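Give me the fold of what follows.
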Amino acid sequence: MSRQPSSGDGRAPREARQPLHRNVWVASGTSFLTDVSSEMLQNVLPLFLANVLGVRTWAVGVVEGLAESTASLLKLWSGWLSDRLRQRKRLAVVGYAISASSKPFYLLARSWPVVAAIRFSDRVGKGVRTAPRDALLADSVHPSRRGLAFGLHRAADTGGAVVGLLLTVLVVYLAQGRDYLLDPGTFHKLVLWSLAPAFLAVLVLALGAKDVPVAAGEPRGPKIQLRGLGRPFTAFVICSAIFGIGNSSDAFLILRAQERGLSVLHLLWMLVAFNVVYAAVAAPAGALADRIPRKWVVVGAWCVYAAVYLGFATARSTGQVVALFIVYGLYYGAASGAARALVADLVTPELRGTAYGSYHAVIGFVGLPASLLAGLLWQGFGRWHGLGAAAPFAFGAVAAGLAAVLLLVLVPGGRPGRPEEESGGPHA
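Numbering: from 1, shown residues only. Next up is the predicted model:
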């Protein structure tokens with residue numbers, strides 16, 4: 001790609017000094033409200049399945065595995081379709097609407113297959129909206145401010161998670177006090193509380209966002225594209241997949257924390273602290289990714305991840321687990337915005353939706369075997385070799401370290417202050 005020439009007096013290009021496009025703020029507000037709603041249900045849904053419906057652990061795995069696999073497939077299709085139609089907003093609104101509309105049905109759930117169907121519908125919505133929304137954000141800002149835009153978006157998203165968790169703690173405490181098991185009435189109260197922010201999020205995006213022009217192009221069919229999107233993008237996806245194979249579900253971190261002696265209420269407060277750190281770091285880390293090569297921010301985040309996972313492998317006390325989980329928020333805050341901004345840097349604008357769809361699909365596909373492998377290491381290999389629950393975390397640390405080294409060697413990071421020139425689309 002060609003480079004945007006800098007101004008003669010060394011200042012940033014005019015577009016980079018203008019206010020962020022309103023799409024950044026609208027998408028951030030939508031994600032904030034959606035996460036308020038989602039966090040009120042996501043963290044207690046496994047408890048609803050186990051405590052209220054009495055299902056076995058394998059059924060919980062089926063529910064989550066089916067849901068996440070569905071989202072991965074649809075992210076790929078929706079990214080391609082947004083490139084073909086050159087309309088990001090419409091697909092994003094439809095995706096948020098599907099997720100919001102699925103939530104009231106939890107009030108009728110009396111068996112785990114029904115819960116699986118509802119969770120499936122919610123993940124359909126996530127799969128439809130994610131790639132078009134990310135592409136809309138990338139289309140709406142100047143390249144030199146992409147890291148900041150994605151960082152702000154992730155900060156808002158995680159701020160919503162904090163509010164959602166705090167509301168969950170409040171509702172649970174008022175509804176059932178310090179009871180060990182989740183009460184069905186408590187779960188239904190959480191469902192009702194989650195509806196208002198979910199539907200408000202759809203309205204905010206529908207009324208506030210607008211599509212921006214992108215260069216005309218004819219994307220290929222809805223499949224994972226790597227070679228067609230360039231070697232740098234392919235290298236980044238491969239590095240991310242290597243990292244992802246060791247990045248098992250955070251449920252294993254919560255199980256490890258419980259094993260080390262944390263109660264359910266303490267787990268919820270630990271999650272609040274984790275999300276506060278995540279939200280506080282996301283925007284500054286995104287801005288940093290606009291000043292230094294973005295890949296260095298991602299590499300730093302992956303190194304933090306490796307250190308945290310090594311810590312979880314060796315942790316002996318509840319205090320150590322809590323401290324590690326809070327530091328874990330640094331990884332999320334630094335990686336989430338910088339990685340998305342780097343994807344946009346590595347492809348042309350007319351294929352950006354396809355690129356995001358491919359990236360999210362690969363990460364999603366790797367996530368399922370990663371969690372299955374972590375479970376095998378925990379209960380199988382780990383026990384045979386005397387490692388116990390430490391095994392999946394040691395493996396995750398090694399995978400993250402290897403991915404970080406490969407990212408440094410294989411992926412160009414760009415030079416801060418000299419973003420690539422792009423055709424089409426306002427950057428104001």
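
From now on I want contacts and neighbour counts done on CA atoms only, so please keep to that.
Fine.

all helices of the stretch 151-300 of the chain, in order?
Counting by DSSP state H, counting those that start in this stretch, the stretch 151-300 of the chain has helices at residues 184-208, 231-245, 251-259, 264-288, 294-314.

Under the pLDDT cut-off, which ranges of the stretch 1-150 of the chain? List them.
For the stretch 1-150 of the chain, applying pLDDT under 70 flags the ranges 1-18, 50, 55-70.

Cys303 versus the closest residue to Arg110 other than its chain neighbours, what's the distance?
Residue nearest to Arg110 in three dimensions, not counting chain neighbours: Leu53, with 7.0 Å by C-alpha to C-alpha, 6 or more residues apart in numbering. Taking C-alpha to C-alpha, to the nearest Å as the measure, Leu53 falls 40 Å from Cys303.

out of those two, which sits in the more crowded spot?
Between Leu53 and Cys303, Cys303 has the larger neighbour count (other C-alpha atoms under 10 Å), namely 20 against 15.

Could you tell me what pLDDT the model assigned to the more buried one?
Note for Cys303: predicted pLDDT of 95.

Among the helices of the stretch 151-300 of the chain, show the one with the smallest mean pLDDT.
Of all the helices of the stretch 151-300 of the chain, helix 251-259 has the smallest average pLDDT, which comes to a mean of 75.

could I get that helix in CSV with only the CA atoms?
What follows is helix 251-259, C-alpha atoms only, in CSV (Å, rounded to 0.1, in the frame of the first residue of the first chain):
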residue,chain,number,x,y,z
ALA,A,251,-14.3,-20.7,32.4
PHE,A,252,-11.1,-22.6,33.2
LEU,A,253,-9.6,-19.6,34.9
ILE,A,254,-12.8,-19.3,37.0
LEU,A,255,-12.6,-23.0,37.8
ARG,A,256,-9.0,-22.6,38.8
ALA,A,257,-10.0,-19.7,41.1
GLN,A,258,-12.7,-21.7,42.7
GLU,A,259,-10.3,-24.6,43.2
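
Quick check: buried residues in that helix?
Phe252, Leu253, Ile254, Arg256, Ala257, Gln258 (16 or more other C-alpha atoms under 10 Å).

again with stretch 188-196
His188, Lys189, Leu190, Val191, Trp193, Ser194, Leu195.

Next one: the last one from Leu207, what distance?
So the one you mean is Leu195. Leu195 sits 19 Å away from Leu207, going by C-alpha to C-alpha.

Quick one: closest of the helices of the stretch 151-300 of the chain to Leu165.
Leu165 sits nearest to helix 264-288 of all the helices of the stretch 151-300 of the chain, at 6.3 Å, using C-alpha to C-alpha.

in which helix or strand would I find the most centrally placed residue in the chain?
Central residue of the chain (C-alpha atoms, centre = their mean): Ser336, 6.8 Å from the mean position. Of the helices and strands defined by DSSP states H and E, Ser336 is found in helix 318-345.

After that helix, heading C-terminal, what element do we hit next?
Following helix 318-345 in sequence order, the next helix or strand is helix 352-376 (DSSP H and E).

so that next one versus helix 231-245, what angle?
Relative orientation of helix 352-376 versus helix 231-245 (axes from the mean of the first three to the mean of the last three C-alpha atoms, to 10 degrees): 30 degrees.

now for helix 352-376, which elements pack on it?
The contact analysis (3 or more C-alpha pairs under 8 Å, 6 or more residues apart in numbering; DSSP states H and E) places helix 352-376 against helix 57-85, helix 112-140, helix 231-245, helix 318-345, helix 390-410.

now that helix, how far from the centre of its chain.
11 Å (C-alpha atoms, centre = their mean, to the nearest Å).

average pLDDT across it?
Confidence for helix 352-376, expressed as mean pLDDT, is 78.

Identify the residue nearest Gly364 in space, chain neighbours excluded?
Closest to Gly364 by C-alpha to C-alpha, 6+ apart is Ser72, at 5.0 Å.

May I have stretch 34-53 as PDB, with CA atoms only?
Written as PDB, here are the backbone C-alpha positions of stretch 34-53 (Å, rounded to 0.1, in the frame of the first residue of the first chain):
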ATOM      1  CA  THR A  34     -25.400  -4.700  24.900                       C
ATOM      2  CA  ASP A  35     -22.700  -5.800  27.400                       C
ATOM      3  CA  VAL A  36     -24.700  -4.500  30.300                       C
ATOM      4  CA  SER A  37     -27.500  -6.800  29.200                       C
ATOM      5  CA  SER A  38     -25.200  -9.800  28.200                       C
ATOM      6  CA  GLU A  39     -23.200  -9.800  31.400                       C
ATOM      7  CA  MET A  40     -26.300 -10.000  33.500                       C
ATOM      8  CA  LEU A  41     -27.000 -13.400  32.000                       C
ATOM      9  CA  GLN A  42     -23.800 -14.800  30.600                       C
ATOM     10  CA  ASN A  43     -22.100 -15.400  34.000                       C
ATOM     11  CA  VAL A  44     -25.200 -17.000  35.700                       C
ATOM     12  CA  LEU A  45     -26.400 -19.100  32.700                       C
ATOM     13  CA  PRO A  46     -24.100 -22.100  33.600                       C
ATOM     14  CA  LEU A  47     -25.400 -21.800  37.200                       C
ATOM     15  CA  PHE A  48     -29.000 -21.800  35.900                       C
ATOM     16  CA  LEU A  49     -28.300 -25.000  33.900                       C
ATOM     17  CA  ALA A  50     -26.500 -26.700  36.800                       C
ATOM     18  CA  ASN A  51     -28.400 -25.400  39.900                       C
ATOM     19  CA  VAL A  52     -32.000 -25.000  38.500                       C
ATOM     20  CA  LEU A  53     -32.200 -27.400  35.600                       C
END
